[in-house]
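1. Please work out how this folds:
(chains A, B and C)
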Amino acid sequence: MTDFGLEDGFVAACHGVSSQIVPYARIIDITHLVPPGDIRRGAAVLAQTVPYLPAAVHVAVVDPGVGTARRAVAVAAGGSIFVGPDNGLLSWAVEGCGGAAAAVSLTNTALWRDAVSATFHGRDIFMPVAAHLAAGVALAEAGGELDPASLVALPRPASRVRDGLAEGEVVTVDRFGNVQLSVTGADAARAGMAPGTAITLRWRAGELTVPVRTTFGEVAPGEVVACTDSAGLVSIAVNGGDAARRLALGPGTRVTLSATELSLRTAFRFRRAHDTMVD
Amino acid sequence: MTDFGLEDGFVAACHGVSSQIVPYARIIDITHLVPPGDIRRGAAVLAQTVPYLPAAVHVAVVDPGVGTARRAVAVAAGGSIFVGPDNGLLSWAVEGCGGAAAAVSLTNTALWRDAVSATFHGRDIFMPVAAHLAAGVALAEAGGELDPASLVALPRPASRVRDGLAEGEVVTVDRFGNVQLSVTGADAARAGMAPGTAITLRWRAGELTVPVRTTFGEVAPGEVVACTDSAGLVSIAVNGGDAARRLALGPGTRVTLSATELSLRTAFRFRRAHDTMVD
Amino acid sequence: MTDFGLEDGFVAACHGVSSQIVPYARIIDITHLVPPGDIRRGAAVLAQTVPYLPAAVHVAVVDPGVGTARRAVAVAAGGSIFVGPDNGLLSWAVEGCGGAAAAVSLTNTALWRDAVSATFHGRDIFMPVAAHLAAGVALAEAGGELDPASLVALPRPASRVRDGLAEGEVVTVDRFGNVQLSVTGADAARAGMAPGTAITLRWRAGELTVPVRTTFGEVAPGEVVACTDSAGLVSIAVNGGDAARRLALGPGTRVTLSATELSLRTAFRFRRAHDTMVD
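-> You can find the predicted model right below:
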């Protein structure tokens, strides 16, 4: 996963370097369209994708500080190894794998490309080291041991529940314009949200009562809906439309969710009806 | 083929789920940039690409009705198996492979991921089922048999020839702005169109006499030209330019083609000249 | 590498055609987002990426003259074979591999697809021929021998140093907005540019004194900086920003670089300080 984009040959150079070290390794590209330098977005995509990948060497490069003092690291967690800059990019994925079991600073230059540029460590350090690790080189060979507690960790997106109110923020917006919140489906349930109910969504720019459903297609085309998404987080969507654009919600926007009075009654009816959908 | 886009980790999650079931299967990505929810566009790309792919399990997900009552299906046709939602997306490709030989509804949950989200059946149902089929599981194991006649079929784009007039519509516009019509090269020939002639193109917004050539590069840069494209359909292009933008032609626009008087004479001269190009 | 884009099935068709000839060949996609018909951009990306790829059959298709008289060729250079249109696209990469050792015109139709369209030689000629070559078919089998000197060569981007002035042009702009010049780091050094100094950049639209550093991150966010990039060329960047947009620099823009008076003194101090960065 990188922010290298797809219009240059940068990603191919990384694949090429790897294939000369470990020709038969299978590579799955997570995405190379992380917005340039957006570490938080990269961290979110990585953490939400890794659970569906096999145990592997995961290379992630969103590295606005390339060539400066930031460390280059490899971190063992949950049977995988994460390779990248020590700027927080790896932290949520590592945490999702149960935390770092071990970590090293990539100081063994024997595993780097012979010539290392100052600006393209993805090609010259991260990818060749990852390829060697994939080929069976031991983690400890990649460099000096680090205290995992010293790794840079991004703060988690804000999220809490109190007094029937779930507070959080927008984590990401996907291609469809679906707005993923930092509020888990479980926390939202504690705030009274359940399929068949409605919630009141409040943010800087507005307030809206939104039906809660199991999937987007359960409301009419063009209607706003709240679901628990495929990552287990509350997502605000428009059936067949773009919720982020419609509601002017973007990464970092603070939101609150609360059960609406009406929806509490609806929820009651909903549960009585044994999973029959009602409005 | 999906409409998942490339900026999220959705496609990688599908690859990852597959690689844990059938690690050595080769995956060819057709495209993940079908416009969100555009089933017709997806159906056209799939049908035009499959003829060049090996016999395979083809997974296609453009699924605005995910999680609702639409069926999930696997369809055997022409030595391949197509897996996706039963919303018409697969229908043109299946027809191009000689029609459905057999079909099942994906009801065998043993082939799904353990936890199935309501909104991401690509990852949780279609891809794991496809991976099992690629690994050799029999189609009948994937679920209950369906009457192929019950599968949802998209209407074919309108196209007919009568009285020397070919009527059709724009099927797709590609990256270059080339406008692909529903009129086959063979039908256009019946309407008098041949390399070296000219045709009159009429649509809501205008009328234009267009030279017919074998390839785009046979007209001067910036000139409009009609060719039979690599899918066997009439395509309107601008050499080095974007015909769709220039002529305001988009998917669904109705058009007619007819031989122009001048071009009939030109065609005569053309044939006399033994393949020497004349204007 | 092509200009086919990613929203159609064109690239997949090429992969599919290849996989039926040589199923287990590994394919690395360099990029398919070369701007349509932009041969110079394609040539630059190819030449800058190939050094990091294994010896291979490299297929490149940016082919605005498809179907016209331009030749289709395969060129052996530096242990690799380059396959594509003879329009200059391959020339810089071939030169970077030490020049053409041998070349053929792709005239052996037995290696083509059975049906060849007039407009899609990537799928019907270049890719199947490349697949046969990757499978071990001899270069001479692909067609008639050509004099390598007859291959179309793109002129190199202008670049020269005289009287302490480096003259060049913008070669490419990457995803980050970094502006790559035709001036090598070595030539710039001859003009007095070194990390720790500053240069004066002049172009049609302006003049700017720019600090020279080893990497982008050594200046404050939002500041312009000059580095030697990962291809060994001088690159003008903005730390965390888009230099091309900020300075209105695009491919082909002519520029000059010269050491600034101040920077010569700074450079002196810099060298005295034994690699301690100073402003």
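2. Can you spell out the domain ranges of chain A, please?
-> Structurally, chain A divides into domains by automatic domain parsing as follows: A:10-150, A:160-275.
3. For chain C, find the nearest of those.
-> For those, proximity to chain C was assessed by C-beta to the nearest C-beta; domain A:10-150 is nearest, at 2.8 Å. Heads up, the C-betas are built off the backbone N, CA and C, glycines and all.
4. Same list (the domains of chain A) but as a markdown table, adding mean pLDDT and distance to C:Val11.
-> Listed next are these as a markdown table, based on pLDDT from 0 to 100; distance: least, C-beta to C-beta, whole Å:
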| stretch | mean pLDDT | distance to C:Val11 |
| --- | --- | --- |
| domain A:10-150 | 96 | 13 |
| domain A:160-275 | 85 | 19 |
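5. what about those domains, which gets the closest to B:Ser18?
-> Closest to B:Ser18 of the domains of chain A is domain A:10-150 (C-beta to C-beta; 9.6 Å).
6. now the domains of chain A as TSV including mean neighbour count and distance to C:Asp229?
-> Shown next, in TSV, are those (neighbours: other C-beta atoms under 10 Å in any protein chain shown; distance: least, C-beta to C-beta, whole Å):
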stretch	mean neighbour count	distance to C:Asp229
domain A:10-150	20	6
domain A:160-275	19	30
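7. how long is stretch A:145-155 end to end?
-> Taking C-alpha to C-alpha, to the nearest Å as the measure, stretch A:145-155 stretches 24 Å from start to finish.
8. Tell me if the helix or strand hosting A:Pro211 is near chain B.
-> Element membership for A:Pro211 (DSSP states H and E) is strand A:206-211. No - applying C-beta under 8 Å from any C-beta of the partner chain, one finds strand A:206-211 separated from chain B by no less than 14.3 Å.
9. And that strand, how far out from the chain middle?
-> 26 Å (C-alpha atoms, centre = their mean, to the nearest Å).
10. Just name whatever secondary elements it is in contact with.
-> Secondary-structure packing of strand A:206-211 (3 or more C-beta pairs under 8 Å, 6 or more residues apart in numbering or on different chains; DSSP states H and E): strand A:198-203, strand A:224-228.
11. Spit out the contact partners of A:Gly164.
-> A:Ala191, A:Gly192, A:Ser258, A:Ala259 (C-beta atoms under 8 Å, 6 or more residues apart in numbering or on different chains).
12. hmm, I was thinking of A:Pro51
-> A:Gly96.
13. SS state for it?
-> helix (DSSP: H, G, I helix; E, B strand; the rest coil).
14. So A:Val45 lies in a strand, does it not?
-> No - applying three-state DSSP, one finds A:Val45 to be helix, outside a strand.
15. So it sits against A:Thr172, correct?
-> Yes - between A:Val45 and A:Thr172 there is a contact at 7.2 Å, judged by C-beta atoms under 8 Å.
16. quick revisit: could you export the contacts of A:Gly164 to TSV, including columns for distance to chain B and secondary structure?
-> Formatted as TSV, the contacts of A:Gly164 follow (distance: C-beta to the nearest C-beta, whole Å; DSSP: H, G, I helix; E, B strand; the rest coil):
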residue	distance to chain B	secondary structure
A:Ala191	19	coil
A:Gly192	19	coil
A:Ser258	23	strand
A:Ala259	20	strand
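17. Which members of those residues define the maximum pairwise distance?
-> Pairwise distances across those peak at 7.2 Å for A:Gly192 and A:Ser258 (criterion: C-beta to C-beta).
18. shared neighbours of those two, which are they?
-> Common neighbours of A:Gly192 and A:Ser258 (C-beta under 8 Å, 6+ apart) are A:Gly164, A:Ile199.
19. three-state assignment of the closest residue to chain B within the stretch 51-200 of chain A?
-> Distances between the stretch 51-200 of chain A and chain B by C-beta to the nearest C-beta are smallest at A:Arg175, namely 3.2 Å. With three-state DSSP as the basis, A:Arg175 sits in coil.
20. For it, which non-adjacent residue is closest in space?
-> Once flanking residues are discounted, A:Arg175 sits nearest to B:Gly5: 3.2 Å by C-beta to C-beta, 6 or more residues apart in numbering or on different chains.
21. Next one: the residue of the stretch 151-279 of chain A found nearest chain B relative to A:Gln180, how far apart?
-> In the stretch 151-279 of chain A, the residue that lies nearest chain B is A:Thr215 (2.8 Å; C-beta to the nearest C-beta). As judged by C-beta to C-beta, to the nearest Å, A:Thr215 and A:Gln180 stand 15 Å apart.
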